[in-house]
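Novice: sharing a sequence plus its predicted fold:
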Amino acid sequence: MFPTLETPRFRLREITLADTRAIFAGLSHPQVIRYYGVSYATLEATRVQMDWYRSLLRERTGIWWGICTPNNPAHLIGACGYHEWDHGHRCAELGYWLLPEYWGGGVMRECLEAVIAHAFVAMRLHRIEAVVDLENPASSGLLRRLGFTHEGVRRECEYKDGRYLSLDCFGLLAGEGR
């Protein structure tokens, strides 16, 4: 059974095929994909992402939640979760995105606090990792406020839009953070 998470203002629930349009809206939005490693040009192409969410669950390599408000559970405003879940080492990589009209209101911080608590208790993770585009100080700041430690920079490790990107690397261990 998929673990639905509740925060004071949001519900984090399973992403289903019915959410394809919402996922496309986020992962095709220029402001979202500016710093995000995945994007889609068409609704049909977004099927790859939907298959990925399902494969994470099926293969037990991660879990992603759709973010919505309790009074409108069908309308996703973003997503967050884990991939690269290594059960032997008890670590996973955190990822997240949010539609721009919800930026600056503490949405992602509130949701990530719930997702992090779930990871350390229910998933029994020891370590959560996150990588952020060097040019995305808002996301790096969020991770720092959540108690993540900046562990270094992976220099020019990704190629996007005709140029190499460097990524800030962060880690959070069980017992650390807020």
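Specialist: Here it is on my side, so go on. Keep in mind that what you see is a predicted model, and the values were worked out from it rather than measured. Numbering: from 1, shown residues only.

Novice: report all helices and strands that the top helix by length along the chain contacts.
Specialist: Across the chain, the longest stretch assigned as helix under DSSP state H is helix 107-121. Under the contact definition 3 or more CB pairs under 8 Å, 6 or more residues apart in numbering; DSSP states H and E, helix 107-121 sits against strand 5-6, strand 11-14, strand 63-68, strand 78-86, strand 91-98, helix 137-145. (Each C-beta comes from the backbone N, C-alpha and C, glycine too.)

Novice: quick one, which of these gets closest to Gly26.
Specialist: strand 91-98 (5.6 Å; CB to CB).

Novice: and the angle from that closest one to helix 137-145?
Specialist: On the basis of axes from the mean of the first three to the mean of the last three CA atoms, to 10 degrees, strand 91-98 is oriented at 130 degrees to helix 137-145.

Novice: contacts for strand 91-98, please.
Specialist: 26-27, 32, 36, 62, 64, 67, 77-86, 107-108, 111-112, 115-116, 119, 123, 125-131 (CB atoms under 8 Å, 6 or more residues apart in numbering).

Novice: equivalent analysis for stretch 166-178, please.
Specialist: 113, 116, 120, 125-134, 140, 143-158.

Novice: state the mean pLDDT of it.
Specialist: The average pLDDT for stretch 166-178 rounds to 90.

Novice: pretty sure Val107 sits against Cys68.
Specialist: No - using CB atoms under 8 Å as the test, Val107 is too far from Cys68 to be in contact (10.8 Å).

Novice: overlap in contacts, the two.
Specialist: With CB under 8 Å, 6+ apart, Val107 and Cys68 have common neighbours Phe10, Ile77.

Novice: any weak-confidence spans in the chain?
Specialist: 177-178 (pLDDT under 70).

Novice: next structured bit after the longest helix of the chain?
Specialist: strand 127-133 (DSSP states H and E).

Novice: tell me the strands beside that following strand, with direction?
Specialist: strand 91-98 (parallel), strand 163-173 (antiparallel) (DSSP bridges).
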